[in-house]
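Q: sequence-free structure coming up:
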Ligand code: HEM
């Protein structure tokens with residue numbers, strides 16, 4: 001991706017990702033948050049978190065299926081915005097829904113499975129946000145970093161479960177998100193199985209092995 005395209009893509013992400021927050025401020029300042037403002041704000045922030053999470057999960061399937069390759073920095077931006085919205089979503093629950101009543105909150109976490117998985121999803125997002133810098137990638141090493149960041153699949157599943165669990169009967173949106181997540185994870189699984197089958201079909205033959213080893217053997221005088 002050229003520098004120019006990267007700047008355009010990143011600018012578009014900033015614009016689209018900040019839109020829900022601006023909408024919230026606008027509706028708040030014009031007193032248009034509806035009959036249940038807390039629920040409106042919580043849902044808007046929760047929806048945005050889920051959409052950004054799915055968008056970050058969509059980048060690899062996009063590359064696999066349509067050869068559209070977006071840089072690591074784009075994925076990082078989407079992930080960090082998802083974390084930002086998850087924190088705002090959680091803050092409303094703590095400060096506005098429960099007025100910092102820690103006992104009540106703990107009871108809610110234990111009693112309601114959708115809160116339990118929501119808290120788990122947010123907790124798992126923390127190490128991903130903390131290790132998203134280039135310095136942390138270097139520090140952990142690519143292999144460990146990739147392993148840690150596979151947590152995003154678990155987070156995706158927990159986030160969809162959270163929504164499925166809390167949604168009222170007759171609301172179809174959570175099933176749409178669950179379907180999208182299944183497609184995104186399915187594409188990766190398919191690619192992983194295909195690569196596995198290919199490497200099993202082409203095991204390293206003794207001749208190939210010699211070719212691989214040969215360069216490290218010093219030439220005979
Ligand atoms: C990655 C983390 C999370 C994601 C992706 C997420 C996503 C969502 C979504 C999509 C909704 C439903 C929106 C709608 O109905 O339109 C929602 C609602 C809700 N979430 Fe979360 N959530 C997360 C974490 C949390 C946490 C940590 C808590 C609190 C401990 C929480 C509490 C709630 C509550 C109370 C509602 C229902 C609001 C209402 O209907 O009044 N969520 N969340």
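A: Nice, I can see it. Because the structure is predicted, anything quoted here is derived from the model rather than measured.
Q: which positions in this protein make contact with the ligand?
A: Within the chain, the residues that sit near the ligand (CB under 6 Å from any ligand atom) are 39, 42-43, 46-47, 49-50, 53, 86, 89-90, 93, 115, 118-119, 121-122, 125, 159, 162-163, 166. (Each C-beta comes from the backbone N, C-alpha and C, glycine too.)
Q: pLDDT value on the most centrally placed residue in the chain, please?
A: For the chain, the residue sitting closest to the mean C-alpha position, by CA atoms, centre = their mean, is residue 53 at 3.4 Å. Here, the pLDDT recorded for residue 53 equals 98.
Q: for ChimeraX, what selects the buried ones among the residues of the chain next to the ligand?
A: Command for ChimeraX that selects the buried part of those, burial taken from 16 or more other CB atoms under 10 Å:
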select :42,46,47,49,50,53,86,89,90,93,115,118,119,121,122,125,159,162,163,166
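Q: for the chain, which spans come out with low pLDDT?
A: Scanning the chain for pLDDT under 70 picks out 203-221.
Q: show me where it has helices.
A: According to DSSP state H, the chain carries its helices in the segments 3-29, 37-66, 72-91, 102-111, 113-130, 134-140, 142-149, 151-166, 173-201, 206-213.
Q: burial count for the closest residue to residue 26 other than its chain neighbours?
A: Excluding the flanking residues, the one nearest residue 26 by CB to CB, 6 or more residues apart in numbering is residue 32, at 7.9 Å. By other CB atoms under 10 Å, 11 other residues sit near residue 32.
Q: now do residue 174
A: The burial metric for residue 174, expressed as a neighbour count using other CB under 10 Å, is 17.
Q: that one touches residue 164, doesn't it?
A: Yes: the pair residue 174 / residue 164 is scored as a contact, 4.6 Å apart, by CB atoms under 8 Å.
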